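K.L.:
What shape does this take:
(2 chains)
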Amino acid sequence: MTDNTLIKVENLTIEYPMADGEVFRAIDNFSMYVNRGQIVGVVGESGAGKSTIGKATLGLLDENAIIDTGSVFLEETMVSHLEEHHYAQVRGNRVGYIYQNPMTALNPVLTIGEQIVEAIEANTDLRGSDARNYAIDLLTQAEVPLPEERLDKYPHQLSGGLCQRIVFAIAISAKPDLIIADEPTTALDVTVQKAVLDTLVRLTRQENIAIILITHDMGVVAEMCDHVYVLRHGKLVESGPTEEVLQRPTQSYSRELMAAIPRIDHKIERFAVPGGLGQAGDRERAIAYLMDRKSDAGVEGQPLLQVRNLSKTFQTKATALKSASSFKAVSDVSFDVFPGETLGIVGESGSGKSTIGRMILGLHQPDEGHEIIYRGRNIADLTSRQDKLEHRKSLQCIFQDPYSSLNPRMTAGENITYPLTAHGLLDRSAARQLAGDLMELVGLPRASARKMPHAFSGGERQRIGIARALSFRPDFIFCDEPTSALDVTVQAQLLNLMKDLQDQLGLTLLFVSHDLAVVRQMCDRVMVMKAGEVVEAGPCDKVLVTPDAPYTQGLLDAMPKFSFAAAQ
Amino acid sequence: MSTETTTVDAGTLADRKSEEPTFTEKFWKIFRGHPGALAGLVGIFIFLLLAIFAPLLAPQNPYDQMRLDILDGLLPPGSRLGDGTLSLLGTDALGRDILSAVLFGLRISMVVALVAVIIGSAIGIFMGLLAAMKGGWVETVVMRLVDLKMSFPGILLALMVLAVFGTGIDKVIIALIIGAWAAEARLVRGVAMSELKKEYIDSARLAGLSDTKIMWRYLFPNSISPVLVVLPMSISGAIGAEATLSFLGVGVPITEPSLGLLIANGNDYILSGKWWISIFPGLVLVTLVLCINVVADRLRDHSNPYLRGKD
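P.N.:
Reported below is the predicted structural model:
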């Protein structure tokens, strides 16, 4: 290593004692070198130990963490083993830290100005109006519009992207040698992400600040990093210059990781990752059960679902302090969904995409003047209990958050079949058998139907959620960002599973996502939404390749590119 | 903003410990390293045994008028009664053995408090769930009733109830129930309202399940843990409230003396040197409430995830 080395992590092993007396090894014999001014990516899935490395550098490890072997050097200082009071010299001053969620990283009861000035006074000699002027200067550098006005605002008055820029300004205020950015854009929309990352790169290049960028997003790594370290279960899988690792991954795990990334530039049949439909023998029985639908899936060429003039206004009631206000989440949306196809709805957060699905399912009441026609019948005309139940069963949902979408006090099997037994459609032994069959169909062991939800990982819970949606033999499934909370390889497995199920069962899907690449891989047609309105609609191959609307073009431009990444 | 939930896909299903921890395991997790709470638990257990086996343990049956002898009245601790039995804690003015009276009094105090809290909590849980689930006027009515109840000092409300219904064990229980349900209802409603926003409730609605089924199979089991945590605290509160009412002479009848009534009995004598009549029931009352409270404290700390890592 040259004299240029800023951070030297050598043979670092960090362990956590666990309640049952065993030891969890979060980082296992990991070494890393960061040069001055270099941007180094640490990439891996959740639980890989990425954040632990960043925390070790600043002495921010949990109290019960044990550094078993190895050390972290910041030039000549061994920062992994400092006395607590010496960290003040390091934190903020020499190493800045950027957190995942800017809204929680800033103190909600202090103004932006107070927080920046506090950081400036702690780490520099500037005081009073000098500090304030420097704060304005920093905000200008971080491309915060109207910096002087923003100083007197509170964090909740600003958007997430602006807050993250303010966190940047605080991080660079002491002109540190290194910034550790822990998933800095995961909480932000894709268009904001792009701009925020550009700012971060410019700021650090200008001051010759090195960055350790901790992320799960290969796209961000490809855009930003000079060098990348791929981590799995605390161990180094592969490292090297970004281009080399992403183009010619030598390890099977890195190859799998690359293959799992949904691509925006072309559509593939399946992701090249293991997993998919369950392979066990009872899968046939589950499919036979699911194919035995009373109604046929709809007539070819006739829309299964027609939505006309759908709007939703959320009203807030007047209180003593605030007058009533209303917010139009969806305005005047019309579209058709044909049997067996997948219609994607894509847009940034707050664009109203989930609200559309929830109105179709009947979880939200739309404004007056709309029509939702399902299989030729206006759902407002369904009055009898029987009709309503049949309709309910035919439209199901796969939810966004696998951690709140299962009843924690029911076993996986009960979660899947309780509604059926409650309606008297199945007796208990038939329900048990069906739960087992469906678990196998979605690739989970039959016996695990007896376990409680907390015993499953996020991806596994999402599979249970799919099994539950299927248990009613639906024709139409609304997928509400079903993979946004999951790691990229788990996402790829789940998307494969959904494609397989759709092929086997002829399901019609309405697929909501903020991720254009996922939509490209899953959907036949797509609607692009912005602020409750449809910006553009059409086949994916058209809209996501040569869009007409500038907004769609902007979304596409903001996507991280893999121009040099290997084709699969 | 997209969700920040992250997943840990470590190992396959088979590798992971997936069974629910057994009761013993959970128990040890809560009480290991907390000698105070453990001692409290042992104390509660001993008091329970004393109360259950009071007729076998007590040297004298304080209800049996035939056994009482006025000549044994006001004997200091350690005296022998007329029939030769040792009176470890002395006697009261009627010649009643204080130890026996305390054992039987413990029984009454604990039964009254337990019954009142269990019924009161059940009502509170139901009302809270109903308010959260139904919303609208149901919620308004329930929550205004809660506010109404909360606006009275507890003891005043109980006195009013007893003034209307008269005295007796059943009336005291009713008074305590009326005192107990409101806090529970408010607590459960809060938890239930945040649970109602979760997606598993949406899934139940999509399945066309009735409100009743959603309430009992989905909402109820996910909303009651905080109530279970405050339950011991409610019990100790009810024991204290019952003792207060009995001390004031509006609680249990004189023929079924609870701890509070025993303390009241000795009140007239405490300044004339006959301290044992009030002090011993008082000590038992304080110790019992203390034992319950340290256990309740531990349960509350354990249920708070922010404190859990630091104990």
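
K.L.:
What parts of the stretch 101-250 of chain B come near chain A?
P.N.:
Residues of the stretch 101-250 of chain B lying close to chain A (CB under 8 Å from any CB of the partner chain) are B:198-200, B:202-209, B:213, B:217-218, B:221-222. (Glycine included, C-beta is placed from N, CA and C.)

K.L.:
So which of these belong to helices?
P.N.:
Applying DSSP state H to these, the entries found in helices are B:199, B:200, B:202, B:203, B:204, B:205, B:206, B:213, B:221, B:222.

K.L.:
coming back round to it: go ahead and build a PyMOL selection from the buried members of the residues of the stretch 101-250 of chain B next to chain A.
P.N.:
In PyMOL, a selection of the buried entries from these looks like this (16 or more other CB atoms under 10 Å in any protein chain shown):
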select buried, chain B and resi 198+199+200+202+203+204+205+206+207+208+209+213+217+218+222
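
K.L.:
now the ones in helices among the residues of the stretch 101-250 of chain B next to chain A in JSON lines, with pLDDT?
P.N.:
Below are those laid out as JSON lines (pLDDT from 0 to 100):
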{"residue": "B:199", "pLDDT": "93"}
{"residue": "B:200", "pLDDT": "95"}
{"residue": "B:202", "pLDDT": "93"}
{"residue": "B:203", "pLDDT": "94"}
{"residue": "B:204", "pLDDT": "94"}
{"residue": "B:205", "pLDDT": "91"}
{"residue": "B:206", "pLDDT": "91"}
{"residue": "B:213", "pLDDT": "94"}
{"residue": "B:221", "pLDDT": "91"}
{"residue": "B:222", "pLDDT": "91"}
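
K.L.:
Quickly check those for the two that are furthest apart.
P.N.:
Largest separation among those by CB to CB: B:206 and B:221, giving 19.5 Å.

K.L.:
count of residues packed around the closest residue to residue A:460 other than its chain neighbours?
P.N.:
Excluding the flanking residues, the one nearest residue A:460 by CB to CB, 6 or more residues apart in numbering or on different chains is residue A:444, at 6.2 Å. Using other CB atoms under 10 Å in any protein chain shown, residue A:444 has 22 other residues around it.

K.L.:
now swap in residue B:146 and tell me
P.N.:
If we define neighbours as other CB under 10 Å, then residue B:146 has 21 of them.

K.L.:
for the one 5 residues further on, same thing?
P.N.:
Counted by other CB under 10 Å, the residues lying close to residue B:151 total 8.

K.L.:
Start from the N-terminal end of the stretch 1-150 of chain B and give the helices.
P.N.:
B:23-31, B:35-52, B:54-57, B:98-134, B:136-150 (DSSP state H, counting those that start in this stretch).

K.L.:
between the longest one and helix B:35-52, how big is the angle?
P.N.:
Just to be clear, that refers to helix B:98-134. For helix B:98-134 against helix B:35-52, the angle by axes from the mean of the first three to the mean of the last three CA atoms, to 10 degrees is 110 degrees.

K.L.:
Low-confidence stretches in chain B?
P.N.:
The model of chain B has pLDDT under 70 over residues B:1-22, B:304-311.

K.L.:
who touches the residue nearest to the spatial centre of it in this structure?
P.N.:
Residue closest to the average C-alpha location in chain B (CA atoms, centre = their mean): residue B:235, at 1.0 Å. With contacts defined as CB atoms under 8 Å, 6 or more residues apart in numbering or on different chains, the neighbours of residue B:235 are B:113, B:114, B:117, B:292.

K.L.:
burial count for residue A:510?
P.N.:
27.

K.L.:
would you say it is within a strand?
P.N.:
Yes - counting by DSSP: H, G, I helix; E, B strand; the rest coil, residue A:510 falls inside a strand.

K.L.:
Show me what it is bridged to.
P.N.:
In this entry, residue A:510 is beta-bridged to residue A:343, residue A:478, by DSSP bridges.

K.L.:
Using the three-state scheme, assign residue A:402.
P.N.:
coil.

K.L.:
what about it, neighbour count?
P.N.:
29.

K.L.:
wait, isn't it in contact with residue A:465?
P.N.:
Yes - look at residue A:402 against residue A:465 with CB atoms under 8 Å: they come within range, at 6.5 Å.

K.L.:
Next, work out how far apart the residue nearest to residue B:294 when sequence neighbours are not counted and residue B:239 are.
P.N.:
Nearest in space to residue B:294, with sequence neighbours left out and distances taken as CB to CB, 6+ apart, is residue B:40 at 3.7 Å. Note on residue B:40: its distance to residue B:239, by CB to CB, to the nearest Å, is 14 Å.

K.L.:
What of residue B:98?
P.N.:
19 Å.

K.L.:
Please apply the same query to residue B:200.
P.N.:
As for residue B:200, its distance to residue B:239 is 38 Å (criterion: CB to CB).

K.L.:
Residue B:164 too?
P.N.:
On the measure of CB to CB, residue B:164 and residue B:239 end up 23 Å apart.

K.L.:
More neighbours: those two, which one.
P.N.:
Ranked by neighbour count (other CB under 10 Å), residue B:164 and residue B:239 place residue B:239 first, with 26 against 10.

K.L.:
what sits against the more buried one?
P.N.:
By CB under 8 Å, 6+ apart, the neighbours of residue B:239 are B:109, B:110, B:113, B:259, B:285, B:288, B:289, B:292.

K.L.:
Please repeat the previous calculation with a cut-off of 7 Å.
P.N.:
By CB atoms under 7 Å, 6 or more residues apart in numbering or on different chains, the contact list for residue B:239 reads B:109, B:113, B:288, B:289.

K.L.:
Now neighbour count too, for those, in JSON lines please.
P.N.:
Converted to JSON lines, the contacts of residue B:239 look like this (neighbours: other CB atoms under 10 Å in any protein chain shown):
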{"residue": "B:109", "neighbour count": "32"}
{"residue": "B:113", "neighbour count": "28"}
{"residue": "B:288", "neighbour count": "27"}
{"residue": "B:289", "neighbour count": "18"}
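
K.L.:
What is the nearest of those to chain A?
P.N.:
residue B:113 (28.6 Å; CB to the nearest CB).

K.L.:
ok, the closest one touching residue B:238?
P.N.:
Yes - if you go by CB atoms under 7 Å, residue B:113 and residue B:238 touch, sitting 3.8 Å apart.

K.L.:
any shared contact partners between the two?
P.N.:
By CB under 7 Å, 6+ apart, no residue touches both residue B:113 and residue B:238.

K.L.:
hang on, the earlier thing: pick the most buried one from the helices of the stretch 1-150 of chain B.
P.N.:
helix B:98-134 (a mean of 23; mean count of other CB atoms under 10 Å in any protein chain shown).

K.L.:
Give the other helices and strands that that helix contacts.
P.N.:
Using 3 or more CB pairs under 7 Å, 6 or more residues apart in numbering or on different chains; DSSP states H and E, the elements in contact with helix B:98-134 are helix B:35-52, helix B:54-57, helix B:136-150, helix B:169-196, helix B:225-247, helix B:259-267, helix B:276-303.

K.L.:
among those helices, which is nearest residue A:25?
P.N.:
Of those, the one closest to residue A:25 (CB to CB) turns out to be helix B:276-303, at 27.6 Å.

K.L.:
Report the distance from that closest one to the chain centre.
P.N.:
11 Å (CA atoms, centre = their mean, to the nearest Å).

K.L.:
Now it: buried residues?
P.N.:
B:276-282, B:284-285, B:288-289, B:291-299, B:301-302.

K.L.:
any idea how far the residue nearest to the centre of chain B lies from residue B:31?
P.N.:
Distance, residue B:235 to residue B:31, by CB to CB: 18 Å.

K.L.:
can you list contacts of the helix or strand encompassing residue A:555?
P.N.:
Assigning secondary structure by DSSP states H and E places residue A:555 in helix A:550-558. Helix A:550-558 has contacts (CB under 7 Å, 6+ apart) with A:190, A:191, A:193, A:194, A:516, A:528, A:530, A:535, A:536, A:543, A:544, A:547.

K.L.:
6 Å instead, please
P.N.:
A:190, A:191, A:194, A:528, A:530, A:535, A:536, A:547 (CB atoms under 6 Å, 6 or more residues apart in numbering or on different chains).
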